[in-house]
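A.B. asks: Here is the input, now give the coordinates:
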Amino acid sequence: MLLTWLYVPGDRPDRFDKAVGSEADAVIVDLEDAVVAGRKEYARSAVAEFLAERHPVPVYVRVGPDLDADLAAVDGRPGLAGLRLPKVESAERVRAVAARTEAELHPIIESAVGVEFAYQIASAHPAVASVALGEADLRSDLGIDDEAALAWPRGRIVVAARAAGLPPPAMSVHANVSDMDGLAASCRAGRRMGFVGRAAIHPRQLPVIVAAFRPAPEEVARALALLAGVDAAAALESGTVVLPDGRFADAAMIGAARRTLELSARYDA
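C.D. replies: Got it, this is the predicted structure:
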């Protein structure tokens with residue numbers, strides 16, 4: 001499971017290796033909003049060359065409106081981990097792209113229509129590996145400028161991902177790269193809602209994101225105790241697990257405990 005996804009513009013090949021060499025768990029090379037119209041072809045060529053080989057961290061490509069040209073440049077390249085699909089509003093859109101590539105797909109929901117169809121998008125095709133919000137465009141579509149107003153669509157995405165059997169979604173970028181306190185507070189709020197990790201637009205944001213989402217020692221201890229109880233129940237062929245505080249452990253709690261230990265092992269290492 002990944003906590004940090006670092007965006008880099010597709011027309012800035014001088015930043016590609018720096019992004020891969022940063023502390024990011026994954027890199028997203030952008031062929032959409034970060035590239036002006038007159039540099040799209042240059043960006044495709046640069047990204048195609050970059051993806052000619054694999055890299056130490058997974059590299060994803062956010063495609064733009066000209067899907068034909070973007071797929072021709074990057075699809076099937078050894079270094080491509082998956083495609084980020086912006087502005088998805090329907091399951092049909094996902095299936096149409098899935099029919100043209102074997103890459104895993106990561107739809108981004110950025111409008112009111114997309115939010116309304118979040119579960120259908122998340123469950124549209126086996127190639128869908130995650131679903132996320134694109135909050136800048138969503139703010140514009142909804143006419144909001146208060147982060148609190150994003151609580152409902154954020155919750156909708158978390159529920160849709162869970163219902164579709166996908167990993168917990170990562171949060172959208174925090175656009176103010178100087179506002180570390182605001183980033184940290186937003187990450188903590190997102191974590192309480194069920195998000196895991198966040199996309200970033202600058203390497204300086206990465207440690208703040210990791211600190212907010214990395215399991216605390218007491219969380220690790222609770223997860224270990226829960227899984228020890230599960231193992232004990234299995235040894236006794238018991239159908240239920242009762243924790244020391246009297247709670248019954250269900251499948252969701254067990255899954256969360258395993259995810260906590262996975263994250264702890266990754267970031268402690």
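A.B. asks: tell me what the helix or strand of the chain with the lowest mean pLDDT is packed against?
C.D. replies: In the chain, no helix or strand scores lower on mean pLDDT, DSSP states H and E than helix 217-235, which sits at a mean of 78. In terms of contacts (3 or more Cβ pairs under 8 Å, 6 or more residues apart in numbering; DSSP states H and E), helix 217-235 is packed against helix 251-268. Every residue, glycine included, has its C-beta placed from N, CA and C.
A.B. asks: now the angle from the helix it packs on to helix 217-235?
C.D. replies: In terms of direction (axes from the mean of the first three to the mean of the last three Cα atoms, to 10 degrees), helix 251-268 departs from helix 217-235 by 130 degrees.
A.B. asks: Send me helix 251-268 as PDB with only the CA atoms.
C.D. replies: Presented in PDB, the C-alpha positions along helix 251-268 are these (Å, rounded to 0.1, in the frame of the first residue of the first chain):
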ATOM      1  CA  ALA A 251     -13.700  -8.900   9.000                       C
ATOM      2  CA  ALA A 252     -13.400  -5.200   8.500                       C
ATOM      3  CA  MET A 253     -11.500  -4.800  11.700                       C
ATOM      4  CA  ILE A 254      -9.200  -7.600  10.800                       C
ATOM      5  CA  GLY A 255      -8.500  -6.100   7.400                       C
ATOM      6  CA  ALA A 256      -7.700  -2.800   9.000                       C
ATOM      7  CA  ALA A 257      -5.300  -4.400  11.400                       C
ATOM      8  CA  ARG A 258      -3.500  -6.100   8.700                       C
ATOM      9  CA  ARG A 259      -3.300  -2.900   6.700                       C
ATOM     10  CA  THR A 260      -1.900  -1.100   9.800                       C
ATOM     11  CA  LEU A 261       0.900  -3.700  10.200                       C
ATOM     12  CA  GLU A 262       1.600  -3.500   6.400                       C
ATOM     13  CA  LEU A 263       2.100   0.200   6.600                       C
ATOM     14  CA  SER A 264       4.100   0.000   9.800                       C
ATOM     15  CA  ALA A 265       6.500  -2.500   8.300                       C
ATOM     16  CA  ARG A 266       6.900  -0.500   5.200                       C
ATOM     17  CA  TYR A 267       7.700   2.800   6.800                       C
ATOM     18  CA  ASP A 268       9.600   1.500   9.800                       C
END
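A.B. asks: With adjacent residues omitted, what lies nearest to residue 122?
C.D. replies: Counting by Cβ to Cβ, 6 or more residues apart in numbering, residue 122 lies nearest to residue 164, which is 3.7 Å off, once chain neighbours are set aside.
A.B. asks: picking up where we left off before, would you pull up how far the least confident helix or strand of the chain lies from the middle of the chain?
C.D. replies: Here helix 217-235 shows a centroid-to-chain-centroid distance of 27 Å under the convention Cα atoms, centre = their mean, to the nearest Å.
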